[in-house]
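Output the structure for:
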Amino acid sequence: MKKKNNLFIKWTIICIMLLLGMTFTIVSAQQAKVISSYGPTNQTQTFDQIKAARMAVKSERAKLQKELLNSRYDLSKKTTDKTLMSGGKPLPVGPTAKLEGITWNELDKMTPGQIKEKGVFPYKPLPFSDHAEGGMLFPEMITKLLPRLIRFDLDFDLPEHILPDPVPAIFLTTRPDLGDIAKGRLITIDNYYEIFNGILNPKQLEGLRLLVTQFPQQQFNATEDRRTDRPSLGVTCFDCHANGHTNGANHLVGDIRPQEFRHRIETPTLRGVNIQRLFGSQRAIKTVEDFTEFEQRAAYFDGDICMAAKKGVNVLERGSQVHAMAEFLAILDFPPASKLDIYGELDQTKANHSELNGEALFNGKARCASCHPAPYYTDNSMHNLKAERFYKQELANGMMMAHDGPIKTFPLRGIKDSPPYMHDGRCFTLEDTVEYFNFIQQLHLENQEKADLIAFLRSL
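Below is the predicted model:
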């Protein structure tokens, strides 16, 4: 009897242990499925372990991104030197989007529903180089100049010929007589004082100093889960907004979760900040001062306030720092446009026939002026283009091609200097952008009308 009782006790204990094990497994599996808004602030791995894990997937992720881009676009170098960017770089020409067994004219005759059903929309949302990873990513043309911006785990995915000038021109509203102040120089902490002392007042000069000062950021910091080989002091505002413009650096927006729904975002130009009333492609922040604080406190760390505290958030003082930065930003001007009059419209004595036709289309049939009125070609509002009418919601290299939602109307003055286009850079050239809106607005433009519109846009 005693042996039977012992046997019974043993089996009971074994069953309980098995049950507990099963329960733990189920709980663990359930926990693994939980998607949190927060990143892990207490890493259990060393830098070497984290780097090894990232390097193990680097080549495969790069291969998949290259395959996706090559399936969607013709990435061969096609440029024109008939019209140059303000810094002298030839403009990329297109359209670069590839069509699958159909012509542009045939596609133009289809309804949004038909295009969606056949899966032939050429301008679907563009995923980040490694969408599950995200983070600030800089083109090689800028990392050659600033090696501290090299990430060990990711390479930039777009060809250089569709990017802005590596060293953009700088124009000031306060000193238009000086023309391009940069003169081929990239403004950094090493040369800003020498170049701008005597041109800016002391407060503006202090604002510029802060704009070229490194501060910690999600991937560029001193912690074990950084994405640089050496501990980093961080990035500067002008690392992305080179010379107050843009160099095509991109990242993921910080205000969407979960990760697969986050949008790739191209760095917009800071030229003409003084006439803008909304900041951030979708955030609709009301002042550049608020945006400056937002970037440092949240966007630099993917919108994760806990991660910001861990990695070294730079809390800017509103009166002596934020205001100084905003005061400098407010004098960054658009590039000169010699063919525009004081109303921001074409001077009929200077514009050619194609440009004038393009302006008429811009204000008429193409309905561009509904959102982009002269003189700065923005209505300072937001619009939902509902592009999801043309494509299915599906996963593409870790990104869900879902709705874009309302997007800020960016100014078109100096637009030729800022490829690629749209908030995620899905339109590589002005030709692609015109094709995109021809579909979105169902304009049914003729080929010559498209060419005339592009000629007008290049003149702005």
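
got a list of what Asn380 touches?
The contact partners of Asn380, taken as C-beta atoms under 8 Å, 6 or more residues apart in numbering, are Ile275, Gln276, Arg277, Leu278, Thr409. Any C-beta I mention is one placed from the backbone N, CA and C, and that applies to glycine too.

cool, Glu293 as well?
Glu293 makes contacts with Leu316, Arg318, Val322, as judged by C-beta under 8 Å, 6+ apart.

Now secondary structure too, for those residues, in a markdown table please.
Supplementary listing: the contacts of Glu293 in a markdown table, determined by DSSP: H, G, I helix; E, B strand; the rest coil:
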| residue | secondary structure |
| --- | --- |
| Leu316 | coil |
| Arg318 | helix |
| Val322 | helix |
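
Generate a ChimeraX selection restricted to the buried subset of these.
The ChimeraX command for the buried members of the contacts of Glu293 (criterion: 16 or more other C-beta atoms under 10 Å) is given here:
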select :316,322
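
could I get the longest strand along the chain in PDB with only the CA atoms?
Longest strand in the chain by number of residues (criterion: DSSP state E): strand 79-84. What follows is strand 79-84 as a C-alpha-only set of coordinates in PDB (Å, rounded to 0.1, in the frame of the first residue of the first chain):
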ATOM      1  CA  THR A  79      20.100  62.700 -66.200                       C
ATOM      2  CA  THR A  80      20.000  66.000 -68.100                       C
ATOM      3  CA  ASP A  81      22.300  68.900 -67.800                       C
ATOM      4  CA  LYS A  82      19.900  71.300 -69.700                       C
ATOM      5  CA  THR A  83      18.500  72.200 -66.200                       C
ATOM      6  CA  LEU A  84      20.800  71.900 -63.200                       C
END
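
and that strand, how far out from the chain's middle?
Counting by C-alpha atoms, centre = their mean, to the nearest Å, strand 79-84 is centred 24 Å from the centre of its parent chain.

Flag every buried residue along that strand.
Neighbour counts over strand 79-84 (16+ other C-beta under 10 Å) mark Leu84 as buried.

strand partners of it, parallel vs antiparallel please.
Sheet neighbours of strand 79-84, with direction, are listed as strand 90-92 (antiparallel) (DSSP bridges).

Give me the contact list for the partner strand.
Contacts of strand 90-92 from elsewhere in the structure, counted by C-beta under 8 Å, 6+ apart, are 78-81, 83-85, 161-162, 416, 419, 428-430, 458.

following it, which helix or strand shows up next?
Counting by DSSP states H and E, the next helix or strand C-terminal to strand 90-92 is helix 104-108.

phi, psi of the closest residue to Ala222 other than its chain neighbours?
Spatial nearest neighbour of Ala222, chain neighbours left out: Pro231 (3.9 Å); criterion: C-beta to C-beta, 6 or more residues apart in numbering. Phi and psi for Pro231, reported as degrees, to the nearest 10, are phi -50, psi 140.

Neighbours of Pro231, how many?
12 (other C-beta atoms under 10 Å).

if we can go back for a sec, highest neighbour count among the contacts of Asn380?
Greatest neighbour count in these, by other C-beta under 10 Å, goes to Gln276: 21 neighbours.
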